[in-house]
Structure formats: C-alpha cells, structure tokens
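# Based on what follows, work out the 3D shape:
(2 chains)
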Amino acid sequence: MAKEITNRSDDYSLWYNNIVKKAGLADNSAVRGCMVIKPYGFALWENMKAQLDSMFKETGHVNAYFPLFIPKSFLSKEAEHVEGFAKECAVVTHHRLMNNPDGPGVVVDPSAKLEEELIVRPTSETIIWHTYKDWIKSYRDLPLLINQWANVVRWDMRTRPFLRTAEFLWQEGHTAHATKSEAMEEAKLIHEIYARFAEDWMAMPVIKGAKSDRERFAGADETFTIEALMQDGKALQAGTSHFLGQNFAKAFDVKFSNSENKEEYVWASSWGVSTRLIGGLIMTHSDDEGLVLPPKLAPQQVVIVPIPKPLPEVMEYIKPIAEELKARGVRVKVDDNDQKRPGFKFAEYEMMGIPIRLGIGKRDMANNMVEVARRDTKTKELVSREGIAKHIDNLLTEIQAALLANAKKFRSDHTTVVDTMEEFKEVLDTKGGFIMAHWDGTTESELAIKEATNATIRCIPNDFVEEEGECVFSGNKSKGRVVFAKSY
RNA sequence: AGGGGUGUAGCGCAGUCCGGUUAGCGCACUUGGUUUGGGACCAAGGGGUCGAAAGUUCGAAUCUUUUCACCCCUACCA
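Predicted coordinates:
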C-alpha cells in the first residue's frame, strides 16, 4: 500500500524520512535544504510554541522582533562568534533584478550592488546587541528579557527534515543583566524550562549539562544544553542556553550606569530551541506503524471513527461523546468521511500518531460501549459509555506518562558506564547510546576520542559526581564522568 | 566539501547495459455498480515526454557532456 514505511531496523534514516512525509509533517521544497512544513507538522509546532511562549512569559519575558538581515560588519564584531558562523551564511549582495539583455529571464542588476552586504541572520545576537546599546543606559533599564520567534538561515552542507534545514524556525531569547550572577541565573532558569518542557510536554527525557570548551556556542562563556537520546542510539542536542558574559556587551559597547553612577558592561544570556524538537519528538516515540505523539502536543488527541460508516443513528450516539470530550478540553475529531472504510482510517490515524482512537458502531451502541484503541501500545479495550469522557481524559494522562516512562527506560538501558577505550568502542558499535566515561578535561583528549570513535562529549552533566578516575583516552587524572555519544 | 547512490504519473517501481513505431505496471485518482467491525471488489476511464540543458543520431527515457535536486557515509553544524 501507498502508506507503508520502512522498518526502523532496516534503515532508521529512511524510516525517519518516511514518517515525516507519510504523516504529513513536511515536504521537500524547490529550494535546496529548505522544507515546506505542512499543516499537520505546523500544528505540532504551534502547540510547542504556545506552551514555550507561556513558560517564557510566566518568567517575565516579552516578545519582540528584529530584522532578518544583519549588516556584514556586525557579525565580525565578536571574534569567536563570526568564526563560528562565517562558513554557513547566506549573503545578500544586490537589491534589484533586470531583464536579461542576452536572452529570456532576469539577471541580477550589477548597478544595484549593496554598499555593505547583508547577512541573512544565522542567529541574532549581533543585531540585537547593536540595538541594546541604544536601549540600555542605566541599571534601571535592566534586566531586559526579550524573546523573538523567528526564522534563521544556516547554510549547512547536509540537511535533513526538521533535524537540520538551511532555514529553520526557532525562538531566540536575548537578555541583558546588571550582574554576572543574574545573567548566569537567567541562563540556568531557561535551561530548566527547556528540560521541563522536553520531559513534561514532549515526554522526551533529557540530560541537563554544560558543554565542553569545544562544543560551546561561538561567543559564549558557558553553554547549557539538554541532550536527548534517540531510538537509534544517537544523541540530539535539543536546546541550548548560553551565558554570554560581557562578550557581546564589549563587542557592541553596551554599558550602563550602576546605582553608584559607575559605568559597567552589561551581562548577557541567549537561548534557543527550534523546529528540530519535532525531529526529536519523532525519534523518541514513533514506531514502524508511524508517528506516535504525546497527548499534550498532539494536534488531535482523540479521533472517533464510526463503524462501519457514519450512519445517522451511529452519529447520534457519537455526537454527545464528542461534546463531552470537548467540554473537558480534549482535542477531538469525528471522522464523518463515508468514502473510506474503517480499516483504512485506522491505519491512517496510526500513521498520524493520534493518541486515542474510538471505534463506535451499532454493536457498541447496543451494548452501551465504546471501543478505545491506544496508539502507543496498539491495544484495544471495550469501555462503558457511562463516564467515557473521564476515562479518556485519564487515559490521555496515562499515555503521556507511559511515553515518558518508556523513553526513560530506553535511555537507562542505553546508558553505559565504561572505563577503557576498548569498552567505549565496543558499546558504541553494539548498542550506541550515552556513554559515561572519565575525561581529563582537555580539548586534546576530547578530539582524540572523537577521532577514534566519532563520539563527542554531549555534556558535563548537572548531576556530575565527583569521583577519582583516569581519562579513558589519556589515562590522566579525571574528576568524574561526562556524557559521550554519537550525535545528530 | 570528499566518496557512493538515485531522479520515469501524486506514491512505489519496471524499461536504460545491447537507442527503433502511440513509455509500462501496482497503489492513488474519476465514473458506475456491489460492498462495509482492520488498509473492499468488479468494470470503464483520466493523468507522465522520462530531473533540466546542450550534443551525437534518420531516430534518445536509453549514448555523451554539463547542470540541478534528493538519499547514504565522512567532514561541518541547532
């Protein structure tokens, strides 16, 4: 059938691409590396966005919007920052086209060359800090807690739907503070919010930690990350929050007068999560039948399928059930399409990952029952019509918890403590996952391990335990274990 | 960016090596009928110029060159 997808065990990447397409999340576009996010995929993003946005606002942040373009000179003001992004920038050089004098079509008008090239933002620190210079004069202007929902462009060589696209949607928070500790607290607060969102809403457990020097954001003094484990044993960096120190304040000369009327540079944080989260969601829960969505984020939580088709008497039985569910705030869809048969619809909704499907026919009416099918376990049960809405409501909560529990179990089954490079390689080759190993803290050892195994340090975990040991690579003294994995 | 692979109808594919008349198949789609508790069946239809461009040839999906896109493995990165 047209809807079949590759099994995960046969080809995980192909399976992933199949899910994205067949579940109707996204399509390739005419533009290299850029995807079209289809309504179903976008609905998922809107749900994530709504929740994150409210979490940001609850903690005092406000939204604003800064330009898509950044003057080239801005980018180079912070040395590490430009170094990190220079290789992947889209550059606007002209502002006009003209009819092709030598044939059909249009060509770039050479007389319309820009005085200074514009960079399509790969991230907005520079344009925002340039702006903050005008906004911040006094300690009374601080803190400045601003977020923007935007698109950015990073010209990556190899793209994959949601995980890495040339253009992607994200939010980027940019905050300014009077003190170092306040900026650090902000970065940690957001780190915490990201982790909470991942676990409570996406049912995707994450390891919270700090990046090593080598993996740190270009221009940051400290990068906090949440790292999730995908079903194929690879890690996904799902969100980062950066303590920027005074780097951008110094680069853009942003100073404020403190209460003693002394000038100081502003302290900063920046943080972001992107549509990549959708990729993480797919690779945390879905199976060979298709997408599996956590109820809290599913665009539709319940679908009701009349069996064998939407006969008037069956629809009469269904209608109040749907109403009761809606009254409880459940996102429910009644499928009244009379062209497709139930079996076809079942497969379709399984592909779309709708958490609960109710199958209702005359037989159920006669028995005063409802057939309840769970997407995550693929189990079905007959439930009494009385109190069905409450039952479903509870079941949604149960499914949300089950998905998280499963993902946690998978993660603990795929987290291995190793003490030698041999073990390290062996684990990586056989089951993958997170590897807890001693590391001496040097970039040299980190690079050498990457060279030998392709695994990188995902993070120095927040729950880092002080423990005497020897670096798996160098044998030098180590203060504790850090998290290694191959990553997306 | 280096290596490998693939582009033929909405999807999945055959045909390409050994050029030859209107380019095939399954699913999907349209119409009619029969069906209907896990992807229905029968019949009749519609749709592609073979990723794009240039070339070789009497003749190109098929050969040559260029180019674009996508996929996989590296490298780079959210």
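
# element containing the residue most central in space within chain A, please.
Centroid-nearest residue in chain A: A:Leu277, 1.9 Å away (criterion: Cα atoms, centre = their mean). Here A:Leu277, judged by DSSP states H and E, is contained in helix A:276-285.

# List the buried residues in the strand or helix carrying A:Asn151.
Under the criterion of DSSP H and E, A:Asn151 resides in strand A:144-153. By neighbour count on 16 or more other Cβ atoms under 10 Å, the buried set for strand A:144-153 is A:144-148, A:150, A:152-153. The way it works is simple: take the backbone N, C-alpha and C, and place the C-beta from them, glycine included.

# Could you do stretch A:118-134 as well?
Going by neighbour count (16+ other Cβ under 10 Å), the buried part of stretch A:118-134 is A:118-132.

# Show me those that map onto strands.
Of these, the ones assigned to strands by DSSP state E are A:118-120.

# With pLDDT added, can I get those in JSON lines?
JSON lines is the format used below for those (pLDDT from 0 to 100):
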{"residue": "A:Leu118", "pLDDT": "94"}
{"residue": "A:Ile119", "pLDDT": "94"}
{"residue": "A:Val120", "pLDDT": "94"}
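
# what's the closest of those to RNA strand B?
Closest approach between those and RNA strand B, by Cβ to the nearest atom of the strand: A:Val120, at 12.0 Å.

# these two touch, right, that closest one and A:Val92?
Yes. Using Cβ atoms under 8 Å, A:Val120 makes contact with A:Val92 at a distance of 6.7 Å.

# what is in contact with the two at once?
With contacts defined as Cβ atoms under 8 Å, 6 or more residues apart in numbering, the residues shared by A:Val120 and A:Val92 are A:Phe69.

# Pull the most distant pair out of the buried residues of stretch A:118-134.
Put simply, by Cβ to Cβ the two of the buried residues of stretch A:118-134 set farthest apart are A:Val120 and A:Tyr132, 21.0 Å from each other.

# Neighbouring strands of the lowest-mean-pLDDT helix or strand in chain A in the sheet, and parallel or not?
Among the helical and strand segments of chain A, the one scoring lowest on mean pLDDT, DSSP states H and E is strand A:106-108, with a mean of 83. Take DSSP bridges as the rule and strand A:106-108 pairs in its sheet with strand A:97-99 (antiparallel).

# any idea which helix or strand carries A:Ile457?
Counting by DSSP H and E, the element that carries A:Ile457 is strand A:456-461.

# ok, how many other residues are close to A:Glu298?
Actually, residue A:298 is Ala. It isn't Glu. 24 (other Cβ atoms under 10 Å).

# cool, the one 5 residues further on as well?
A count of nearby residues for A:Val303, using other Cβ under 10 Å, gives 23.

# That one: what's it in contact with?
Counting by Cβ under 8 Å, 6+ apart, A:Val303 touches A:332-335, A:349, A:354, A:356-358.

# that's a strand at it, yeah?
Yes. According to DSSP: H, G, I helix; E, B strand; the rest coil, A:Val303 belongs to a strand.

# so it bridges to which residues?
Judged by DSSP bridges, the bridge partners of A:Val303 are A:Lys333, A:Arg357.

# Surely A:Asp221 and A:Lys250 touch.
No. The criterion here is Cβ under 8 Å, and A:Asp221 misses it with A:Lys250 at 11.9 Å.

# Of those two, give the one with the bigger neighbour count.
Looking at A:Asp221 and A:Lys250 with other Cβ under 10 Å, you find the greater number of neighbours at A:Asp221, namely 18 against 15.

# what about the closest residue to A:Asn258 other than its chain neighbours, neighbour count?
Nearest non-adjacent residue to A:Asn258, counting by Cβ to Cβ, 6 or more residues apart in numbering: A:Tyr139, 5.0 Å away. Other residues near A:Tyr139 number 19, with proximity taken as other Cβ under 10 Å.

# Now do A:Tyr139 against A:Ala228, distance only.
For A:Tyr139, the distance to A:Ala228 equals 38 Å [Cβ to Cβ, to the nearest Å].

# A:Pro295 too?
To A:Ala228, A:Pro295 is 19 Å away according to Cβ to Cβ.

# A:Phe162 now?
13 Å.

# quick one: the residue nearest to A:Asn258 and A:Ala178 touch, right?
Yes. Counting by Cβ under 8 Å, A:Tyr139 does reach A:Ala178; the two are 4.9 Å apart.

# okay, and the common contacts of those two?
By Cβ under 8 Å, 6+ apart, A:Tyr139 and A:Ala178 have these common neighbours: A:256, A:258.

# Now do the SS call for A:Val273.
Going by three-state DSSP, the secondary structure assigned to A:Val273 is strand.

# Run a quick neighbour tally on it.
24.

# dump the residue contacts of it.
The neighbourhood of A:Val273, defined by Cβ under 8 Å, 6+ apart, consists of A:52, A:170-171, A:194, A:197, A:238-239.

# May I see the PyMOL selection of the buried members of the residues you listed?
To isolate the buried members of those in PyMOL, using 16+ other Cβ under 10 Å:
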select buried, chain A and resi 52+170+171+194+197+238+239
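
# For burial, what's the neighbour tally of A:Ser111?
A count of neighbours around A:Ser111, defined by other Cβ under 10 Å, yields 8.

# what's near enough to touch it?
Applying Cβ under 8 Å, 6+ apart to A:Ser111 gives the contacts A:Arg96.

# Are we agreed that it is in a helix?
Yes. Per three-state DSSP, A:Ser111 lies within a helix segment.

# how far away is it from A:His81?
Distance from A:Ser111 to A:His81, by Cβ to Cβ: 33 Å.

# Just the element for A:Asn406, please.
Counting by DSSP H and E, A:Asn406 is found in helix A:388-413.

# do that helix and RNA strand B meet at all?
No. Using Cβ under 7 Å from any atom of the strand, helix A:388-413 never reaches RNA strand B; the gap is at least 13.6 Å.

# Same check on stretch A:274-292?
Yes. Counting by Cβ under 7 Å from any atom of the strand, RNA strand B has neighbours in stretch A:274-292: A:274-276.

# tell me which residues of that stretch are tucked away?
Under 16+ other Cβ under 10 Å, the buried positions of stretch A:274-292 are A:274-287, A:289-292.

# just stretch A:18-28 next, same as before
Those would be A:18-20, A:22-26, for stretch A:18-28 by 16+ other Cβ under 10 Å.

# any weak-confidence spans in the stretch 1-150 of chain A?
The stretch 1-150 of chain A contains residues with pLDDT under 70 at A:1-3, A:103-104.
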